[in-house]
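Enquirer: I would like to see how this sequence folds:
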Amino acid sequence: MTKAEAKKRIAKLVKQINKYSYEYHVLDKPSVPDAVWDSLKAELGQLEKRFPELIRVDSPNQRVSGEALDKFEKVKHSSRMLSLQDVFSLEEVEKWEERIKKLLPAKIKLEYFVEVKLDGLAAALIYENGVLVKGATRGDGLVGEDVTNNLKTIRTIPLKLRGKNIPGKLEVRGEVYIKKIDFAKLNKEQEKKGETKFANPRNAAAGSIRQLDPQIAAARKLSFMAWEVVSDLKQKTRQEGYILAEQLGFPVTAQAQVCKNLKAVEDYYRQIEKLRDKIPYQIDGIVIKVNSIDTYKRLGVVGKAPRGAIAYKFPAEKATTVVEDIQLQVGRTGVLTPIAIMRPVQVAGSTVSRATLHNEDEIKRLDVRIGDTVVIQKAGDIIPDVVEVLKNMRTGKEKKFKFPTNFMGSPVKRKEGEAAHYVQDKSLNTVLKRQLYHFVSRKAFDIEGLGPKIIDQLMNEGLIKDAADIFTLTAGDLRSLERFAEKSAENLVKSIDNAREVELAKFIYALGIRHIGEESSVWLAQYLVTSNQKLVASNFIKTIQALKQDELEEIEDIGPKVAASIYNYFRDKNNIDLIERLFKNSVKIKSSKPAPSGQKLKNKIFVLTGHLDSMSRDEAKNNIRQLGGKSSSSVSRNTDYVIAGSDPGSKFDKAKKIGIKIIDESEFLKMLR
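Expert: Have a look, this model is predicted:
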């Protein structure tokens, strides 16, 4: 066979195999026996092996390709992937409709597009000239992770779109999930291999998509359901978007329909609730969207959720179980949280065996004891709660739980006026681990690749005992450890080196000072730089120790409680030793300019709403502070300006209502210039 003949034959084979795949995986209507399909795939494989230069991007053999990755690259979404606000009753749905009606002209009549809410993982698929080029997770809505190779393993995702007149670039968004039958098979396999079974289909799907090796994802039998097409094609309604997704070759939920009013929506909800167990995949409610896309866009966004859509969830599920023990979990500040260890029980689609009891007061309020039969409640991803103790089930052998006066060798105290108990010895191993998780997190030092499992491993091996030790690690220290090879060891050391120079606000936040959050860290950093314009690592401790407690109370966002916490932290010898060792190990504070006095934004209060194209929110806040202004999270009569980006939220409406000046992004940029 010549190369030209092979090229034609490969094109025909790919087209025919993809047709059979679409019939089998999407339509669930196979037209040929598996043997025919397998025979064609075998022939295609032989030709591709003989002529590797002729392999097509839409070849079914390209679904699992490439070596395992060391890490996932970041992907910026073309437009934000939003999350939905959850409601649990018809009354809440009616209130939602009332709110959105107030924002629309009276002449607009609302109708709704409703669909089942899959309990899976949201993903975005980018196609260029009809061919899949990239797939990403939702992430934080603005930036996700590139999981293209894993998404390619899903048979219900077309590598090449069907139909004609496909735009040069479009994006399809939907849900990655595992069918109930495939989930049962997956857990049987886990059991056979002696490995831990997955708690629920959603966790299994999410975990599979985030595997660095696509071979593992391929073995998990994932599925995909589309719910939105983002393109230049003129779609007038959500229903048209569904039809388009089907035409492009994607499966969509068969239960979707248009409802003319909320009465029809509630009828649909009740119908789906009855069918819930018969639907082949796990669902946790329905999604209600304003059908008109123009009206939907007009309603805008509040926070991270669109105003024109909500998730009407099934009621929080309840189950009974037995409290086998009550154990204490220690946090990074030393706070002790009581956890109910329960007999495993299925509730809201997952197996649960732990529930938080919050604090001593909650235990007393419930009168929960070890050995009690309790009612627990869980809704979706919400942590289960103990809501009731069935006291008539008691046998007399139940034991009351009493907070210890000593925990793991450390004295325990409950501070006056607080509900929480704290361990007094902050050098406890579990406390140190929590502190390190916080120290390397994104809003602190942001050390990529250094997550909780690696930190645990490094501490267990004795390679680190606190944050300062992180900056002494070498590739040689890591190579001999499990999970580490030459390249991964070098990558982690490189990440640590890149993190040595850090902004002052992030440095303060990373220290994990009690009561100090991200915003308080920013205000404290700005105040320090203003008082010492040449602030660097060498004079940081001296500068902050020079501040008296009443001076700290004068700083924006810092009250008496927070000021006392800062003052005491920097007079603790152990804390000072840690900071000095960080600086000794080449950690540097990035030079930053104080907010200049006498500039036009001095003492002006700004509130941000919506998405800015030219900069992130953190950058915008920093720019405001650099020109003497202040950034606030809420609109009040003291606000001077509301900066409205795309899809502004409720702050925009409040500003209009009380007459606060609203400026767009271009006006804001002029101010900065």
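Enquirer: from here on, contacts and neighbour counts on C-alpha atoms
Expert: Fine.
Enquirer: list the buried ones in the host helix or strand of Ala620?
Expert: In this structure, Ala620 sits in helix 617-626 according to DSSP states H and E. Neighbour counts over helix 617-626 (16 or more other CA atoms under 10 Å) mark 620-626 as buried.
Enquirer: and if you look at stretch 190-205?
Expert: Residues 198, 200-205 are the ones in stretch 190-205 that count as buried (16+ other CA under 10 Å).
Enquirer: just how off-centre is that stretch within its chain?
Expert: Between the centre of stretch 190-205 and the centre of its host chain there is 21 Å, according to CA atoms, centre = their mean, to the nearest Å.
Enquirer: State the mean pLDDT of that stretch.
Expert: Per-residue pLDDT values across stretch 190-205 average out to 81.
Enquirer: contact partners of that stretch?
Expert: Residues from elsewhere that reach stretch 190-205, judged by CA atoms under 8 Å, 6 or more residues apart in numbering: 119-121, 176-180, 183, 187, 222, 282, 349-352.
Enquirer: By neighbour count, which of these wins?
Expert: For these, neighbours were counted using other CA atoms under 10 Å, and Ile178 has the most, 30 neighbours in all.
Enquirer: wait, what's in contact with the nearest residue to that residue once chain neighbours are set aside?
Expert: Spatial nearest neighbour of Ile178, excluding adjacent residues (CA to CA, 6 or more residues apart in numbering): Leu222 at 5.1 Å. Going by CA under 8 Å, 6+ apart, Leu222 touches 154-155, 176-179, 205.
Enquirer: Tell me which two in these are the farthest apart.
Expert: Arg155 and Ala205 (14.3 Å; CA to CA).
Enquirer: Buried ones in the least confident helix or strand in the chain by mean pLDDT, by neighbour count?
Expert: Within the chain, judged by mean pLDDT, DSSP states H and E, the helix or strand with the poorest mean is helix 34-50; its value is a mean of 75. Buried positions in helix 34-50, judged by neighbour count with 16+ other CA under 10 Å: 37, 41, 44-45, 47-48.
Enquirer: What is the longest helix of the protein by residue count?
Expert: Taking DSSP state H as the criterion, the chain has its longest helix at helix 3-21.
Enquirer: Tell me which stretches of the stretch 501-650 of the chain form strands.
Expert: 501-502, 588-589, 605-609, 630-632, 641-644 (DSSP state E, counting those that start in this stretch).
Enquirer: ah, wrong one, I meant the stretch 101-250 of the chain
Expert: Secondary structure of the stretch 101-250 of the chain (DSSP E, counting those that start in this stretch): strands located at 112-118, 121-128, 131-137, 143-145, 169-177, 223-230.
Enquirer: what pLDDT, on average, does the second one get?
Expert: Translated: strand 121-128. When pLDDT is averaged along strand 121-128, the result is 93.
Enquirer: and if you look at the longest one?
Expert: If you average the pLDDT over strand 169-177, you get 93.
Enquirer: Between strand 121-128 and it, find me the angle.
Expert: Between the axis of strand 169-177 and that of strand 121-128 there is an angle of 150 degrees, by axes from the mean of the first three to the mean of the last three CA atoms, to 10 degrees.
Enquirer: name the helices or strands packed onto strand 169-177?
Expert: Using 3 or more CA pairs under 8 Å, 6 or more residues apart in numbering; DSSP states H and E as the contact criterion, the secondary-structure elements in contact with strand 169-177 are strand 121-128, helix 201-209, strand 223-230.
Enquirer: Okay, buried residues for it please.
Expert: Neighbour-count burial for strand 169-177, with 16+ other CA under 10 Å as criterion, is recorded at 170-177.
Enquirer: any low-confidence regions in the stretch 551-673 of the chain?
Expert: Within the stretch 551-673 of the chain, the stretches with pLDDT under 70 are 556-557, 591-598, 647.
Enquirer: all helices of it, in order?
Expert: With DSSP state H, counting those that start in this stretch, the ranges of helices along the stretch 551-673 of the chain come out as 560-569, 573-584, 617-626, 650-658, 665-672.
Enquirer: Ile288: which of those helices is closest?
Expert: Across those, Ile288 has its closest neighbour in helix 650-658 (20.0 Å, CA to CA).
Enquirer: Count the neighbours of Leu90 for me.
Expert: Every residue meeting other CA under 10 Å relative to Leu90 is counted, giving 15.
Enquirer: so what's it up against?
Expert: For Leu90, the contacting residues are Glu266, by CA under 8 Å, 6+ apart.
Enquirer: ok so, going back, of the buried residues of helix 34-50, closest to Asp86?
Expert: When those are compared for distance to Asp86 (CA to CA), Trp37 wins out at 43.6 Å.
Enquirer: Between the two ends of stretch 78-92, what distance do you get?
Expert: Criterion CA to CA, to the nearest Å; first-to-last residue distance in stretch 78-92 is 32 Å.
Enquirer: I meant stretch 242-256, not that one.
Expert: Using CA to CA, the end-to-end distance of stretch 242-256 comes to 9 Å.
Enquirer: Next, the residues that contact it from outside, please.
Expert: With contact meaning CA under 8 Å, 6+ apart, stretch 242-256 is reached by 22, 26-27, 113-116, 156-158, 161-163, 172, 224-229.
Enquirer: how far does the longest helix of the chain sit from the chain's center?
Expert: Centroid displacement of helix 3-21 relative to its chain, using CA atoms, centre = their mean, is 41 Å.
Enquirer: Could you do stretch 443-450 as well?
Expert: Between the centre of stretch 443-450 and the centre of its chain there are 16 Å (CA atoms, centre = their mean).
Enquirer: now do stretch 638-650
Expert: Distance, stretch centre to chain centre, for stretch 638-650: 25 Å (CA atoms, centre = their mean).
Enquirer: Report the angle between the helix holding Ala620 and strand 605-609.
Expert: For helix 617-626 and strand 605-609, the angle between their directions (the same axes, to 10 degrees) works out to 170 degrees.
Enquirer: For helix 617-626, list the C-alpha coordinates in CSV.
Expert: Taking only C-alpha atoms (Å, rounded to 0.1, in the frame of the first residue of the first chain), the coordinates of helix 617-626 have been written out as CSV:
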residue,chain,number,x,y,z
ARG,A,617,-8.6,42.5,41.9
ASP,A,618,-5.4,42.3,44.0
GLU,A,619,-3.5,44.5,41.6
ALA,A,620,-6.4,47.0,41.5
LYS,A,621,-6.5,47.2,45.3
ASN,A,622,-2.7,47.6,45.4
ASN,A,623,-2.9,50.5,42.8
ILE,A,624,-5.5,52.2,44.9
ARG,A,625,-3.4,52.0,48.1
GLN,A,626,-0.3,53.2,46.2
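Enquirer: packing partners for that helix?
Expert: strand 630-632.
Enquirer: strands paired with the strand it packs on, and their directions?
Expert: When pairing is defined by DSSP bridges, strand 630-632 lines up against strand 605-609 (parallel).
Enquirer: contacting residues around the strand it pairs with?
Expert: When contacts are taken as CA under 8 Å, 6+ apart, the neighbours of strand 605-609 outside the stretch itself are 617, 624, 629-635, 638-645, 648-649, 651-652.
Enquirer: Same check on stretch 506-513?
Expert: Stretch 506-513 has contacts (CA under 8 Å, 6+ apart) with 332-333, 435, 438-440, 443-445, 516-518, 521-522, 525, 565-566, 569, 589.
Enquirer: Name the residues of that stretch that come out as buried.
Expert: With the criterion 16+ other CA under 10 Å, stretch 506-513 contains buried residues 506-513.
Enquirer: and if you look at stretch 411-418?
Expert: Of all the residues in stretch 411-418, those buried under the rule 16+ other CA under 10 Å are 412-414.
Enquirer: Output it as CSV - backbone C-alpha positions only.
Expert: Extracted as CSV, the C-alpha positions of stretch 411-418 are listed here (Å, rounded to 0.1, in the frame of the first residue of the first chain):
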residue,chain,number,x,y,z
PRO,A,411,-1.9,22.1,78.5
VAL,A,412,-5.4,23.0,77.1
LYS,A,413,-7.2,26.2,77.9
ARG,A,414,-10.5,27.8,76.9
LYS,A,415,-10.0,31.6,76.7
GLU,A,416,-12.5,33.8,78.4
GLY,A,417,-15.2,35.0,76.0
GLU,A,418,-14.4,32.4,73.4
